[in-house]
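**Q** Pasting the sequence and the predicted coordinates here, then a few questions.
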Amino acid sequence: MDKIWILFFKRAHIKQIYLQLGNRIRIFRKQKKYTIEDLADLADLHLTFLGQVERGEANASVTTLSKIAKALNKNIFDFFSFLRIDPFGERAEIHNTEKEELINEIVNELIKYDSEKIKLSLDAIKLCLKF
């Protein structure tokens, strides 16, 4: 396990990790329809610090991440889903998950409807993207 993390830190820039971690927290917060003030209150954190974490400007401790995860009803590991590490430690990559999360949100919304409504929604999306 240590070998994997050493390789990861050699290949990944720390700032990218902070940015992606903050992005994941923001995505989960918005999925819950929490304001940043709501999450700060629930996690017993200072609003300014939480904002810095979400923007990737501050390094959150494991304790802080645990508080945030609990407030969002998530597992702390969910925050790190942007990490892709192969089991042999040969490669480690950081993926931008914001696009993936938005696509998943669209799919989760559309799956509630029948095929006809999905087709209409797709047509509407295509029309919107033309402008």
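**A** Everything's here; your move.
**Q** Would you map the strands across the chain?
**A** 83-85, 92-94 (DSSP state E).
**Q** Can you give the domain ranges for the chain?
**A** Taking automatic domain parsing as the reference, the chain has its domains at 2-96, 97-131.
**Q** List the buried residues of the longest helix seen in the chain.
**A** In the chain, with assignment by DSSP state H, the single longest helix is helix 14-31. By neighbour count, and taking 16 or more other CB atoms under 10 Å as the criterion, the buried residues in helix 14-31 are 17-29. Any C-beta I mention is one placed from the backbone N, CA and C, and that applies to glycine too.
**Q** if we can go back for a sec, can you put the domains of the chain in TSV and add mean pLDDT?
**A** Written out in TSV, the entries for the domains of the chain read as follows (pLDDT from 0 to 100):
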stretch	mean pLDDT
domain 2-96	82
domain 97-131	82
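**Q** tell me the most buried of the ones you listed?
**A** domain 2-96 (a mean of 15; mean count of other CB atoms under 10 Å).
**Q** Report the distance from that domain to the chain centre.
**A** On the basis of CA atoms, centre = their mean, to the nearest Å, domain 2-96 sits 7 Å off its chain's mean C-alpha point.
**Q** picking up where we left off before, mind giving me the packing neighbours of the longest helix of the chain?
**A** The contact analysis (3 or more CB pairs under 8 Å, 6 or more residues apart in numbering; DSSP states H and E) places helix 14-31 against helix 36-43, helix 47-54, helix 62-72, strand 92-94, helix 98-110.
**Q** Now render the ones you listed as TSV, adding distance to Glu116.
**A** Listed next are the helices and strands packed on helix 14-31 as TSV, based on distance: least, CB to CB, whole Å:
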stretch	distance to Glu116
helix 36-43	37
helix 47-54	39
helix 62-72	35
strand 92-94	40
helix 98-110	12
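**Q** Report the separation between the residue most central in space within the chain and Lys32.
**A** Centroid-nearest residue in the chain: Arg24, 1.8 Å away (criterion: CA atoms, centre = their mean). Distance check for Arg24 against Lys32: by CB to CB, to the nearest Å, it reads 13 Å.
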